[in-house]
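Enquirer: what shape does this take:
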Amino acid sequence: MSAVSATKGPHPLLVKYLTQLATNPLRTKAITTASLCFLQEVLGSNLSGSPAKVSKDSSGVVRSLESVHVNAKAVKMAIYGFLVSAPLSHFLVGLLQKAFIGKTSTGAKVAQIVANSLLVSPIQTSAYLASMAVINGATSLDEVIKTVKAGFFSVIRISWVVSPLSLTIAQKFIPVELWVPFFNAIQFVLGTYFNMRVKQMRIAALKKEKLDREKQERK
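Expert: Model (predicted):
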């Protein structure tokens with residue numbers, strides 16, 4: 001008797017997620033992005049070795065959460081993901097997909113990558129930097145604009161490398177219905193890494209500043 005091997009289908013959780021993505025796209029994307037932004041902040045803070053700010057007057061539960069960087073900033077990042085990042089991405093990527101729907105030629109694929117790099121990425125980058133400025137304490141429009149100008153080209157250069165590469169992979173190997181989870185996974189890994197690196201550089205800069213100040217005091 002020959003054994004018949006059953007072909008495994010997609011994981012049930014993935015099927016449920018894709019169903020929600022099809023029936024309630026914006027809500028599903030908003031919840032997903034909020035969760036990932038929250039985790040990025042928590043993981044980035046822990047992996048970078050950033051010292052945790054624990055409130056002495058808070059309850060034991062709050063202190064325990066703050067000790068692992070589950071704090072107000074992580075919540076703000078989740079709000080940014082829910083209210084800014086997900087809706088903006090949903091709208092922009094939706095327009096891009098509609099513009100190139102049914103077009104599978106090499107020229108169309110290249111045009112989609114160019115449109116993503118020159119139209120979608122700059123808007124997303126500006127929105128991200130402006131939101132980070134507010135989350136980090138900017139209180140005026142001038143401060144927000146300065147933050148966007150200072151970081152725009154550093155961030156967009158990375159986006160111009162990652163976005164075309166990930167979009168090319170998606171076009172060749174990923175079914176359209178799996179694009180959202182695929183891009184979410186890439187953004188989560190890169191976002192966590194850059195979050196960690198920024199915090200590490202900040203820690204190094206503070207240590208250097210402290211050492212320089214101590215040297216000045218000894219003179």
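Enquirer: gap between the helix or strand hosting Ala130 and the chain center?
Expert: Per DSSP states H and E, Ala130 falls inside helix 121-135. Computed by C-alpha atoms, centre = their mean, to the nearest Å, the chain-centroid distance of helix 121-135 equals 11 Å.
Enquirer: before we move on, what about stretch 18-30?
Expert: On C-alpha atoms, centre = their mean, the centre of stretch 18-30 falls 18 Å from the chain's centre.
Enquirer: tilt between the helix or strand just after the helix holding Ala130 and helix 121-135?
Expert: Per DSSP H and E, helix 121-135 leads on to helix 141-173 as the next helix or strand towards the C-terminus. Here helix 141-173 runs at 140 degrees with respect to helix 121-135, directions being taken by axes from the mean of the first three to the mean of the last three C-alpha atoms, to 10 degrees.
Enquirer: show me what counts as buried in helix 141-173.
Expert: Buried residues in helix 141-173, counted by 16 or more other C-beta atoms under 10 Å: 144, 147-148, 151, 155-156, 159-160, 163-164, 166-167, 170-171. To be clear about C-beta, it is placed using only N, CA and C from the backbone, and glycine gets the same treatment.
Enquirer: now pLDDT too, for the residues you listed, in JSON lines please.
Expert: Below are these laid out as JSON lines (pLDDT from 0 to 100):
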{"residue": "Val144", "pLDDT": "91"}
{"residue": "Thr147", "pLDDT": "86"}
{"residue": "Val148", "pLDDT": "90"}
{"residue": "Gly151", "pLDDT": "84"}
{"residue": "Val155", "pLDDT": "85"}
{"residue": "Ile156", "pLDDT": "89"}
{"residue": "Ser159", "pLDDT": "86"}
{"residue": "Trp160", "pLDDT": "89"}
{"residue": "Ser163", "pLDDT": "86"}
{"residue": "Pro164", "pLDDT": "87"}
{"residue": "Ser166", "pLDDT": "90"}
{"residue": "Leu167", "pLDDT": "85"}
{"residue": "Ala170", "pLDDT": "89"}
{"residue": "Gln171", "pLDDT": "85"}
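Enquirer: let me have these in JSON lines, adding distance to Lys56 as columns.
Expert: Output for the buried residues of helix 141-173, formatted as JSON lines (distance: C-beta to C-beta, whole Å):
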{"residue": "Val144", "distance to Lys56": "33"}
{"residue": "Thr147", "distance to Lys56": "32"}
{"residue": "Val148", "distance to Lys56": "36"}
{"residue": "Gly151", "distance to Lys56": "34"}
{"residue": "Val155", "distance to Lys56": "37"}
{"residue": "Ile156", "distance to Lys56": "42"}
{"residue": "Ser159", "distance to Lys56": "41"}
{"residue": "Trp160", "distance to Lys56": "46"}
{"residue": "Ser163", "distance to Lys56": "45"}
{"residue": "Pro164", "distance to Lys56": "49"}
{"residue": "Ser166", "distance to Lys56": "45"}
{"residue": "Leu167", "distance to Lys56": "49"}
{"residue": "Ala170", "distance to Lys56": "49"}
{"residue": "Gln171", "distance to Lys56": "54"}
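Enquirer: rewinding a little: residues in contact with the helix holding Ala130?
Expert: Contact with helix 121-135 is made by 73, 76-77, 80, 84-85, 88-89, 92, 143-144, 147-148, 151-152, 155-156, 159-160, 163, as judged by C-beta atoms under 8 Å, 6 or more residues apart in numbering.
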